[in-house]
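Peer 1: sequence unavailable; structure follows:
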Ligand SMILES: *Cc1c(COP(=O)(O)O)cnc(C)c1O
């Protein structure tokens, strides 16, 4: 029975994107009408539950992860290896919270998968094989800012010879008060909204995420202003680099920039965090001149203190999965330790030192979300992922090439030459229609075709449209024909 349902699911998943990237209005209405108004006293049999879900709920899903032509948000997809592993995860429902060497292999697998990821991103294992799996990049950004908050205040406390040295232990307010500081600030350029959310959650405050960009380029740090802010006596600072800006797909820094920012952070005791949710995958591309600009943007990450990455985007594993790397192996435990639970300590081990996940991250009980990552990495290897990312980049560049020359569209951000624009293109395309009336409805008109789906956004204070290529099913020529066909049709209308 289980096999049959899985088989059906897989076939549905394969066929779905041939029927459109959005559900029909009828499917949505039918699914809504099928939802029970209250919980019945007695249950129904399993087959009926399955039929209800497959025949009424599923047809009202969108093609987000299934269709190669769903370019909204950055949804990624689910690789066959990850789909298999994720079903194993549900069937065996292992709880990955404490490292107990004699009870289960799951913490070892999770730790191993984290190491494989450092290999994929060419991060030195001796420094970077620390961190954890999270529910996504938002959670990873919370971890990054939380570790940063702990670190920057500890630095000041140590300098002042204060005994109270941990936010996790003493509390943010008490420590700031004892240190005679008015707060913590996060210095960034075009940060993702989730970084601002993280600052809100952590008591730093959304208003204290400050933009430190050059006036001529909103993504590049103004190093003079940055130093000025870092030198303030009343605040401590975390610098957050947008290693992959979500609208343009471009990078805030080059290796040179990061090295300069690193020096400033060391001089003033600041923490350096990189949000590489999708951008860290730039490191997987090869060294050909074709990809040099993108690769250059993701260089230097090895010198930051903490890195955010997403699993459910470009790694193409199912929701919800992200990861977090930290160069300071013991720091997360001072923030996230599960106090007074000695019975939860990990057992002795002759293998690597594996921290219990509940002491270094947000959750206690946790899903075995590392297994789909592990499976997909083994299945593709470095070369498989590199080939996938090359196809995604080539498709985005093909679309940008077409848009750049089209009389009705403008490629964004505006760049002097087409060659430069294409060099800077990773897997995102940002553009607008020249005609204002069309531009206001552009995303809606494209999505109404149901042949592809795009996100509406804004750029430079005006509406813009974004295509994010992130699915493993990408086929450069097939998808380029489809996308340019739809854009031509919409421009004519
Ligand atoms: C998507 C994204 C996030 C948030 O990630 P979730 O996986 O949705 O939590 C953070 N930063 C960047 C740059 C992103 O692209």
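Peer 2: Yep, it's here. Keep in mind that what you see is a predicted model, and the values were worked out from it rather than measured. Residues are numbered from 1 along each chain as shown.
Peer 1: okay, and the helix or strand of the protein with the least pLDDT?
Peer 2: helix 2-16 (a mean of 62; mean pLDDT, DSSP states H and E).
Peer 1: and residue 249, how far from the ligand?
Peer 2: Distance, residue 249 to the ligand, using Cβ to the nearest ligand atom, to the nearest Å: 9 Å. Every C-beta, even on glycine, is put in place using the N, C-alpha and C of the backbone.
Peer 1: who touches that residue in this structure?
Peer 2: Going by Cβ atoms under 8 Å, 6 or more residues apart in numbering, residue 249 touches 278, 279, 396, 425, 426, 427, 428, 430, 468.
Peer 1: among these, name the ones in helices.
Peer 2: If you go by DSSP state H, the contacts of residue 249 have residue 396 in helices.
Peer 1: a markdown table for the contacts of residue 249, including neighbour count and distance to residue 306?
Peer 2: What follows is the contacts of residue 249, written out as a markdown table (neighbours: other Cβ atoms under 10 Å; distance: Cβ to Cβ, whole Å):
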| residue | neighbour count | distance to residue 306 |
| --- | --- | --- |
| 278 | 26 | 17 |
| 279 | 30 | 14 |
| 396 | 26 | 28 |
| 425 | 27 | 27 |
| 426 | 29 | 22 |
| 427 | 28 | 24 |
| 428 | 26 | 24 |
| 430 | 25 | 28 |
| 468 | 27 | 24 |
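Peer 1: ok, then the element right after the host helix or strand of residue 432?
Peer 2: Per DSSP states H and E, residue 432 falls inside strand 428-433. Elements were assigned by DSSP H and E; along the chain past strand 428-433, the next helix or strand is helix 436-448.
Peer 1: pull out the buried residues from the very next helix or strand once past that next one.
Peer 2: Following helix 436-448 in sequence order, the next helix or strand is strand 455-459 (DSSP H and E). For strand 455-459, burial by neighbour count (16 or more other Cβ atoms under 10 Å) applies to 455, 456, 459.
Peer 1: and of those residues, the nearest to the ligand?
Peer 2: Nearest to the ligand among these, counting by Cβ to the nearest ligand atom, is residue 455 at 11.4 Å.
Peer 1: now, the most widely separated pair of the contacts of residue 249?
Peer 2: Farthest-apart pair in those is 279 and 430; separation 15.0 Å (Cβ to Cβ).
Peer 1: now render the contacts of residue 249 as CSV, adding pLDDT.
Peer 2: Converted to CSV, the contacts of residue 249 look like this (pLDDT from 0 to 100):
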residue, pLDDT
278, 98
279, 98
396, 98
425, 97
426, 97
427, 97
428, 97
430, 98
468, 98
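Peer 1: show me where the stretch 301-450 of the chain has helices.
Peer 2: 331-336, 370-405, 418-424, 436-448 (DSSP state H, counting those that start in this stretch).
Peer 1: buried sites along the second one?
Peer 2: Of all the residues in helix 370-405, those buried under the rule 16+ other Cβ under 10 Å are 370-377, 380, 384-386, 388-404.
Peer 1: with stretch 91-107 instead?
Peer 2: For stretch 91-107, using 16+ other Cβ under 10 Å, the buried residues are 94, 96, 97, 98, 99, 104, 106, 107.
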